[in-house]
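> Attaching a predicted model along with its sequence, questions to come.
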Amino acid sequence: MQVISLEESLKKGSAGERVFITDFLEFLNVKYENVTGQQAFQIMGTDFIFPLGKVDIKNSYKSYEHTIILEEYTNHSIKKPGWFDTSQAHLFVFVDVSTRHMVFVPNSFELHNWYGGHKDQFKLCMNKISYSKNGSWQSSFRVVDLNYIPHSFYYKGYIKADAPGINHNTPIQLILEDCFKRRKCP
């Protein structure tokens, strides 16, 4: 089993945040606040705030595999829920740093209900052990095929809705606004 430090994990995450800032927020001239380093927002699972709500950036999108990774447990041994269950962000943005493609997934009750009923069809995997000055832990995750999850693709100004149940004649802006209106934090 390979070992990764907390610092290495944070460095990897910041690469996705830089892509989101450059290719989405700045490219579209969206006003935003970067709250990544603020502990109060880290607890909420929020990296950015912009006019439509709170965003949680994830570096676990693989565009060539059409999959995302959902963290089930932050600490598998004590079953501490992962970011998927604890984030209060309105929107998850999964970034593939190598292609600069992004997937926008509304953090909605519908998503969580669907996942709760279907997660067992995706294998539970153990992550590498993480270390900090306070000890070590091992998280667990599932690799989920995007064919099952409502989402939109984004690449430098181009947005494509590619999700079951979405009327493709609906303007994309309405899809993004709707994800924020329906979200109620657990």
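Alright, I've got the coordinates.
> so after the longest strand seen in the chain, what's the next helix or strand?
Among all segments of the chain classified by DSSP state E, the strand with the greatest residue count is strand 135-145. Next helix or strand after strand 135-145 toward the C-terminus (DSSP states H and E): strand 152-155.
> tell me which strands and helices whichever helix or strand comes after that following strand is in contact with?
Using DSSP H and E, the next helix or strand after strand 152-155 towards the C-terminus is strand 158-161. Of the remaining helices and strands, those touching strand 158-161 by 3 or more Cβ pairs under 8 Å, 6 or more residues apart in numbering; DSSP states H and E are strand 152-155, helix 172-182. From N, CA and C alone the C-beta is placed, and that goes for glycine too.
> If we go by neighbour counts, what in stretch 119-137 is buried?
Buried residues in stretch 119-137, counting neighbours by 16 or more other Cβ atoms under 10 Å, are found at 122, 127, 130-131, 137.
> Now, those residues that are in strands?
Mapping these onto strands (DSSP E) picks out 127, 130-131, 137.
> Next, give me the two most distant ones among those.
With Cβ to Cβ as the measure, no two of those lie farther apart than 127 and 131, at 12.5 Å.
> For the residue in the chain sticking out farthest from the centre, what are phi and psi?
Residue distances from the centre of the chain (Cα atoms, centre = their mean) peak at residue 133, which lies 26.4 Å from the mean C-alpha position. Here is the backbone geometry of residue 133 (degrees, to the nearest 10): phi -70, psi -20.
> Pull the contacting residues for it.
The contact partners of residue 133, taken as Cβ atoms under 8 Å, 6 or more residues apart in numbering, number zero.
> and what of the one 3 residues further on?
Contacts for residue 136 were tallied using Cβ under 8 Å, 6+ apart; they are 129-130.
> distance of the residue nearest the centre of the chain from residue 61?
A centroid search over the chain (Cα atoms, centre = their mean) returns residue 92, at 3.5 Å, as the residue closest to the centre. Here residue 92 is placed at a distance of 10 Å from residue 61 (Cβ to Cβ, to the nearest Å).
> do residue 42 as well
Between residue 42 and residue 61 the distance, using Cβ to Cβ, works out to 21 Å.
> Which one's more surrounded, those two?
When residue 42 is set against residue 61 and neighbours are counted by other Cβ atoms under 10 Å, the residue ahead is residue 61, at 25 against 12.
> thinking that one is in contact with residue 95, fair?
Yes. Using Cβ atoms under 8 Å as the test, residue 61 is close enough to residue 95 to be in contact (5.9 Å).
> Find the residues that touch each one of the two.
Counting by Cβ under 8 Å, 6+ apart, the residues touching both residue 61 and residue 95 are 101-102.
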